[in-house]
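In: Let's see this in three dimensions:
(chains A and B)
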Amino acid sequence: MTAEKAKTVPYTVPIGPIHPALKEPVMFTFTMEGEVVKDVDFAPGQTHRGVEWMGMRRNPVQIVHLCDRICGICGLVHSLAFARAVEQVAEIEVPPRADYIRTIMGELERIQSHLLWAGVAAHELGFDTLLYLAWRVREQAMDLIEMICGNRVNYAMIQVGGVRRDITPEQVPKIRELLSTYKGLQEKLLQVFLRDASITLRCRDHGILTPQQARDLCVVGPTARASGIPMDVRVDYPYAAYGDLEIEPILPDRLTGEIRGDVYDRIVVRLLEIPQSIDIIEQCLAAMPEGNIIWEPKLAKLLLTLKKAKGEAVGRHEAPRGEVLHYVRMDAKESPTTWKVKASSYSNLMSWIPMLKGEQIADIPIIVASIDPCLSCTDRVAIVRWEGRQILTKEDLHRLSVEKTRRLQA
Amino acid sequence: MTDRLTAPQVLEHFTARFGSGVTAARVQERREGAKKNPNYNLWMDLDRPLLKDAIKDLMVMGPVHLAVVSGTDMGETVRLIYSFSLYYGVRHGEYTVNFAVSLPKSDLSIPTISDLVPGAVFTEREKQEMLGITVTGIPDGRGLFLPDDFPKGVYPWRKDATGIPDSMVKNLWEVRRPKGRPAPVVATAEGKGECAISEKEIVEPPEATPKTKQPPAGGEKEGADRPAARPSEVKEVPVPPAPEKKGEVKKE
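Out: Numbers count the residues shown, from 1 in each chain, chains lettered A, B, ... in the order given. Sure thing, here's the model as predicted:
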């Protein structure tokens, strides 16, 4: 009898690695008392790909393209942070025009990422109409990105020493057109997300992260700003074209007059960052310098320079989810001796624990999603379990995908 | 916050306070964009026992954020780099401050800094599994990213015998076309894909996929036997004759 009792209270509810709240794998273990979360633990690394290990066996130009594939949403942030680190080690000066193009791409990426997140948040709340509306709007940003770099994801824009594609004069009116479309939509977005009774009820005062907790847990990006920490690498640390621009970190009190650090505030921050990005792109287009877009267009020459480079550096960038930091150490060899990727969600995951404690089970999805976790960034080895103990190896995955393609062709 | 130090002053503070304990110190200045506003990165190599005192000092100076702890296997030692940023929230006023400490391989231990920065546990857990160091006093010493059945005593970032052995490495380009499968689709004159199959091609059952936790030690050798992976792949794809059992195969 007693043993049975011990089994029932508190309940342990495992959620994951694959679960309804996230489209990415992370394992949660919740200790529940009734409907209330008493304690929570999580295990990332369900799809760790060992990207850093791979990088330490490749040359910097190859790593730039590997960086594009770290995250499926932010195709630019990692390659930019990595390129900035390598440029510092090799003392490469980036042409100002390339810095401006990097900034414009970074902000276009932020717009699409925040809209994507807004849709996911609506979906977690069970408001799927809003998901479709937000994602329909996001498509326009994706189309524009495709026009500039030829791809919706994996932009391949960054190269060590600059960018690989220019923004041509014909493209500029199209960019401006998109910006004015988004400006027109802004009020609607705020209306549907923030002045909706059910969203307010579900998000206000839920998943609170106090400023002290945010500081202690080294939280970054919109998650930190929603808790009132005025931290934004673009403002604090002049790099790329951000040092030339007038920008301020966005805190939620700008709209609501107060900072509560809850899920609602995190929605506010992200929605307000969309017009900020529009503003940054406009500033960049207005002040765009002429000139080269890359320090050295010939890859063989670039690689030769990088082979001689010696030293260590960190490259930082404010990604849509917060600070990304790449540490690179090069010892005059083909490949870097060390490459450490610190993605934004790497810093943010710990904040789940204080946010989720004391919350209702039904609120878990939106609170988990509220930090905009990106596990593909944080995890870097694919071992998929299939029917119990069998492990699907890379060969199996390759074989399965070839078979699927063949099936599709038949 | 009111008396914000300049980047050289921050460096000076540490060199004055710790004297010879700071074995190397430099300020790296970088200017980007059209206006070339400078950003600063500070680098300091510290003796291992001084690390926590240095972090405490840094936290007194202003708001401090820990980004990550990185690590390098230097051969005789493991070098850890604690990357902080100081004075965030001040426009163009933030510095990256990097403290590096070297741990000899005979004693790979470092005290935890999670009592000062609670969020450091995450990155310290990663360093334990990736570099095989011991973080003493860590409140949560479990693994982080590596799977539970990852072999013990193998540390992916190490460059010595404890690193990833060749037997664990598999190159995708070495993957051969599996045996015993239908031949690939070939486009026909009508533009429709057709799948050919003949009983002869199914010679043997598919090669058993490794069911053990670790990849087979022979994995590397297999590749060595066959240096020209691509030509052999091409060779294995026969141009099939026009099939008869078209409909059936399609369903598969």
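
In: Tell me how far B:Thr134 lies from B:Leu108.
Out: Using CB to CB, to the nearest Å, we find B:Thr134 at a distance of 6 Å from B:Leu108. Bear in mind the C-beta positions are built from the backbone N, C-alpha and C, glycine included.

In: same deal with A:Glu334?
Out: Separation of A:Glu334 from B:Leu108 (CB to CB): 28 Å.

In: who's more crowded, the two?
Out: B:Leu108 (17 against 13; other CB atoms under 10 Å in any protein chain shown).

In: give the contact list for the nearest residue to that one once chain neighbours are set aside.
Out: Nearest residue to B:Leu108, sequence neighbours excluded (CB to CB, 6 or more residues apart in numbering or on different chains): B:Ile133, at 4.4 Å. By CB atoms under 8 Å, 6 or more residues apart in numbering or on different chains, the contact set of B:Ile133 is B:71, B:78, B:80, B:103, B:108-110, B:127.

In: ok, 7 Å please
Out: Applying CB atoms under 7 Å, 6 or more residues apart in numbering or on different chains to B:Ile133 gives the contacts B:78, B:103, B:108-110, B:127.

In: just B:Thr162 next, same as before
Out: So B:Thr162 contacts B:132, B:153-155 (CB under 7 Å, 6+ apart).

In: can you check A:Pro25 too?
Out: Here A:Pro25 is in contact with A:16-18, A:46-47, A:375 (CB under 7 Å, 6+ apart).

In: ranking those residues by neighbours, who comes first?
Out: Counting neighbours by other CB under 10 Å, A:Leu375 comes out on top of the contacts of A:Pro25 with 23 neighbours.

In: Go ahead and flag the most central residue of the chain.
Out: As the question left the chain open, I've gone with chain A. Nearest to the mean C-alpha position of chain A, by CA atoms, centre = their mean, lies A:Arg321 at 4.5 Å.

In: The intended chain is chain B.
Out: Nearest to chain B centroid, counting by CA atoms, centre = their mean: B:Trp157, 7.1 Å.

In: any idea how far it lies from A:Ala81?
Out: Distance, B:Trp157 to A:Ala81, by CB to CB: 19 Å.

In: Let me see the ranges of the helices in the stretch 151-300 of chain A.
Out: For the stretch 151-300 of chain A, the helices defined by DSSP state H, counting those that start in this stretch occupy A:171-194, A:197-203, A:211-216, A:221-226, A:233-236, A:253-256, A:263-287, A:299-308.

In: Just name the most buried of those helices.
Out: Highest mean neighbour count among the helices of the stretch 151-300 of chain A (mean count of other CB atoms under 10 Å in any protein chain shown): helix A:221-226, with a mean of 30.

In: how close does the closest residue to A:Gly162 other than its chain neighbours sit to chain B?
Out: Closest residue to A:Gly162 apart from its sequence neighbours, by CB to CB, 6+ apart: A:Ile294 at 3.2 Å. Applying CB to the nearest CB, to the nearest Å, the value for A:Ile294 to chain B is 14 Å.

In: ok, A:Ile294 - contacts?
Out: Neighbouring residues of A:Ile294 by CB under 7 Å, 6+ apart: A:95, A:98, A:159, A:161-163.

In: run the last query once more with 10 Å
Out: A:Ile294 makes contact with A:92, A:94-95, A:97-98, A:159-166, A:302 under the criterion CB atoms under 10 Å, 6 or more residues apart in numbering or on different chains.

In: Just the buried subset of those, please.
Out: Among these, those classed as buried by 16 or more other CB atoms under 10 Å in any protein chain shown are A:92, A:94-95, A:97-98, A:159-165, A:302.

In: if you skip the residues just before and after it, what's nearest to B:Val68?
Out: The shortest distance from B:Val68 to any residue other than its chain neighbours is 3.8 Å, reached at A:Lys342 (CB to CB, 6+ apart).

In: For the stretch 51-200 of chain A, what lies in contact range of chain B?
Out: Within reach of chain B by CB under 10 Å from any CB of the partner chain, the stretch 51-200 of chain A has these residues: A:52-53, A:56-57, A:84, A:87-89, A:91, A:93-100, A:102-103.

In: Only the buried subset of those, as a PyMOL command please.
Out: The buried residues among those can be selected in PyMOL (16+ other CB under 10 Å) with this line:
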select buried, chain A and resi 52+53+56+84+87+88+89+94+95+96+97+98+99+100+102+103
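
In: just so I have it, where are all the helices in the stretch 1-150 of chain A?
Out: Using DSSP H, counting those that start in this stretch, the helices of the stretch 1-150 of chain A run over A:2-8, A:51-55, A:60-68, A:77-90, A:96-124, A:128-149.

In: lowest-confidence stretch among those?
Out: Among the helices of the stretch 1-150 of chain A, helix A:2-8 carries the lowest mean pLDDT, at a mean of 55.

In: Report how many residues lie close to residue 45.
Out: I'll assume chain A. Other residues near A:Gly45 come to 23 when the count uses other CB under 10 Å.

In: ah, no, chain B please
Out: 17.

In: so what's it up against?
Out: Contacts for B:Asp45 (CB under 10 Å, 6+ apart) come out as B:21-26, B:79, B:81, B:98-102.

In: Filtering these by proximity to chain A, which remain?
Out: Counting by CB under 10 Å from any CB, B:26, B:79, B:81, B:98, B:100 from those sit close to chain A.

In: biggest separation within these, which pair?
Out: For the ones next to chain A among the contacts of B:Asp45, the maximum inter-member distance is 15.5 Å, found between B:Arg26 and B:Arg79 (CB to CB).

In: Looking at the two now, which is surrounded by more residues?
Out: Counted by other CB under 10 Å, B:Arg26 and B:Arg79 do not tie: B:Arg79 has more neighbours, with 19 against 12.

In: what comes up buried for the helix or strand encompassing that one?
Out: Per DSSP states H and E: B:Arg79 is located in strand B:77-86. By 16+ other CB under 10 Å, the buried positions in strand B:77-86 come out as B:78-86.

In: go on, stretch A:130-141?
Out: A:130-131, A:133-135, A:137-138, A:140-141.

In: As CSV, those residues with distance to A:Thr256 would be great.
Out: Shown next, in CSV, are these (distance: CB to CB, whole Å):
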residue, distance to A:Thr256
A:Leu130, 20
A:Leu131, 24
A:Leu133, 23
A:Ala134, 21
A:Trp135, 26
A:Val137, 23
A:Arg138, 24
A:Gln140, 28
A:Ala141, 26
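
In: Of the residues you listed, which is the nearest to A:Arg406?
Out: The closest of those to A:Arg406 turns out to be A:Trp135 (CB to CB; 31.2 Å).

In: Spatially nearest residue to that closest one (excluding sequence neighbours)?
Out: The nearest residue in space to A:Trp135 (CB to CB, 6+ apart) is A:Gly119, at 4.5 Å.

In: how about the one you found, what does it touch?
Out: Counting by CB under 10 Å, 6+ apart, A:Gly119 touches A:127-128, A:130-138.

In: switch the cut-off to 8 Å
Out: For A:Gly119, the contacting residues are A:130-135, A:138, by CB under 8 Å, 6+ apart.

In: Out of these, give me the two with the largest separation.
Out: By the measure CB to CB, A:Leu130 and A:Arg138 form the most distant pair in the contacts of A:Gly119, at 12.3 Å.

In: Which residue ranges make up each domain of chain B?
Out: Chain B breaks down into these domains under automatic domain parsing: B:7-153, B:172-251.
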